[in-house]
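Asker: got a predicted structure here, sequence first:
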Amino acid sequence: MSSIPKIVILGAGYGGVLTSLRLQKELNYNEADVTLVNKHDYHYITTHLHMPAAGTDHPDNARVSISKLIDEFKIDFVKSTVVQIRPQDRKVILEDGTLSYDYLIIALGGESETFGIPGMAENAFTIRSINSVRLIREHIEYQFARYKREPHRTDYLTFVVGGAGFTGIEFIGELADRVPDLCKQFDVDRSLVKIINVEAAPTALPGFDPELVEYAMEVLRKKGVTFRIGTAIKECTADGVIVGEGEEIKSQTVIWSGGVRGNRLIEEAGFETMRGRVKVDEYLRAPGHENIYVLGDNSLMFNPEGRPYPPTAQIAMQQGVNCAHNLVASIRNQSLRPFVFSNKGTVASLGKGEAIGMAFGKKYKGRTAAWIKKLIDLRYLFIIGGIPLVLRKGKFL
Ligand SMILES: Cc1cc2nc3c(=O)[nH]c(=O)nc-3n(C[C@H](O)[C@H](O)[C@H](O)COP(=O)(O)OP(=O)(O)OC[C@H]3O[C@@H](n4cnc5c(N)ncnc54)[C@H](O)[C@@H]3O)c2cc1C
């Protein structure tokens, strides 16, 4: 190891940003050389992306410039795309250069998991980044404009959302709120617009309390959403989806939110993975690599009952804090701290003023849950950017 250890953090999402912020606070001058690499020069607030995707908010409100978050005197930021991780050489290959490291933090976020459904990767949209939601937002408006030119094509006005997990449900809530405005803007009869949610599992929002799930579905049904729960999508084509026993739902807009996997670069680097996620040790390190930490959607950890923790921003943030602590401890030859997840609860938005959630050991729904969701979002802004960021972005959340 060189005299000043080199720490390279891949990805400025929830895990990467929290690791960076903690390191810049805890490390002493010249104790380590820290580099943060990210595809874009902004951090995006993934938990907010369902709004710009549906068009109920502007994409800019879901992103923050990285230079406003980190202290560039303490952390070098490199805007680049990682193309290869080479653990055997302790190097990371970027699209425009190479970085060597003593400690590596992999926090590149997840990718959409299509479970091999034919045509899904090619024909469906996914809600994963600022660029992906810009596309969805524009596409939705375009369908209304197209319908006005070809009024026999009602498939332009049919929106299929695959998956009734967190992302799918939050997006549907926003889309259902957006539709009346679009109908007004394009002089379209609301009854012609269909929002269909198709979910293979026997319930929407698995893991949520059944009473809250029923409430959520009722709220969304009242907004005009049709649920096809317990129905698998067999294929996605350029003309729609094939579901169940071969029924075709014609649609020009399929949004897939049915699954998340880890980043492909991790498998390609030779790490052992399950759906692209590395089963990390109690200190968040990849097995056999004491100098490589894997966080957030790229890591796999199990709860005391032996079930994997779902990939969430909440766990990614807590892992970032723990990872920074362990990096500093490693450099100072102190003992590492095992990661213990502290579940603060989960809230799913159902559109304006409506949400369901479990927090502080209690169930919440309606306006109260929507307020808790807002508080969670504001807390996040405060953690990463303090009061100035809360004042700048908070009003949009
Ligand atoms: C619509 C939606 C709503 C959600 N709502 C919630 C919620 O309410 N609560 C909750 O807890 N979780 C929620 N989640 C899940 C949560 O957003 C993720 O679990 C969380 O973002 C994971 O954090 P991460 O640090 O692993 O990765 P991410 O936050 O995804 O960050 C990964 C970063 O790596 C960058 N990157 C990727 N590939 C490369 C590359 N090759 N080179 C360079 N940079 C790269 C990306 O640009 C990104 O900045 C939601 C997810 C979605 C999609």
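Answerer: In hand now; what should we look at?
Asker: the longest helix in this structure is where?
Answerer: Longest helix in the chain by number of residues (criterion: DSSP state H): helix 366-393.
Asker: other SSEs contacting that helix?
Answerer: If contacts are counted by 3 or more Cβ pairs under 8 Å, 6 or more residues apart in numbering; DSSP states H and E, helix 366-393 sits against helix 14-26, strand 63-65, helix 313-331, strand 345-349, strand 355-359. C-beta here means a position set from N, CA and C on the backbone, and glycine is covered the same way.
Asker: what is the first one packed up against?
Answerer: What that stands for is helix 14-26. Helix 14-26 packs on strand 6-10, strand 33-38, strand 75-79, strand 103-106, helix 313-331, helix 366-393, going by 3+ Cβ pairs under 8 Å, 6+ apart.
Asker: and these: which comes nearest residue 214?
Answerer: helix 366-393 (13.5 Å; Cβ to Cβ).
Asker: on that earlier part again, what pLDDT, on average, does the longest helix of the chain get?
Answerer: Per-residue pLDDT values over helix 366-393 give a mean of 92.
Asker: then stretch 14-31?
Answerer: 96.
Asker: stretch 155-174 too?
Answerer: 97.
Asker: can it be found next to the ligand?
Answerer: Yes. For stretch 155-174 and the ligand, the contact criterion (Cβ under 6 Å from any ligand atom) is met by 166, 167, 170.
Asker: and which of those residues is nearest the ligand?
Answerer: Nearest to the ligand out of those is residue 167 (Cβ to the nearest ligand atom; 4.1 Å).
Asker: quick one on the thing from earlier: now distance to residue 266 too, for the helices and strands packed on helix 14-26, in JSON lines please.
Answerer: Converted to JSON lines, the helices and strands packed on helix 14-26 look like this (distance: least, Cβ to Cβ, whole Å):
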{"stretch": "strand 6-10", "distance to residue 266": "10"}
{"stretch": "strand 33-38", "distance to residue 266": "15"}
{"stretch": "strand 75-79", "distance to residue 266": "19"}
{"stretch": "strand 103-106", "distance to residue 266": "6"}
{"stretch": "helix 313-331", "distance to residue 266": "15"}
{"stretch": "helix 366-393", "distance to residue 266": "25"}
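Asker: ok, which of these comes nearest the ligand?
Answerer: helix 313-331 (3.6 Å).
Asker: the closest one - contacts with which helices or strands?
Answerer: Checking 3+ Cβ pairs under 8 Å, 6+ apart, helix 313-331 ends up next to helix 14-26, strand 103-106, strand 292-294, helix 366-393.
Asker: swap the cut-off to 6 Å and go again
Answerer: When contacts are defined as 3 or more Cβ pairs under 6 Å, 6 or more residues apart in numbering; DSSP states H and E, helix 313-331 sits against helix 14-26.
Asker: which residues touch the helix it packs on?
Answerer: 9, 34, 36, 43, 70-71, 74-75, 105, 107, 295-296, 313, 316-317, 319-321, 323-324, 328, 384 (Cβ atoms under 6 Å, 6 or more residues apart in numbering).
Asker: before we move on, the earlier item: relative to helix 313-331, how tilted is the longest helix of the chain?
Answerer: 50 degrees (axes from the mean of the first three to the mean of the last three Cα atoms, to 10 degrees).
Asker: do you know how far residue 126 is from the ligand?
Answerer: 8 Å (Cβ to the nearest ligand atom, to the nearest Å).
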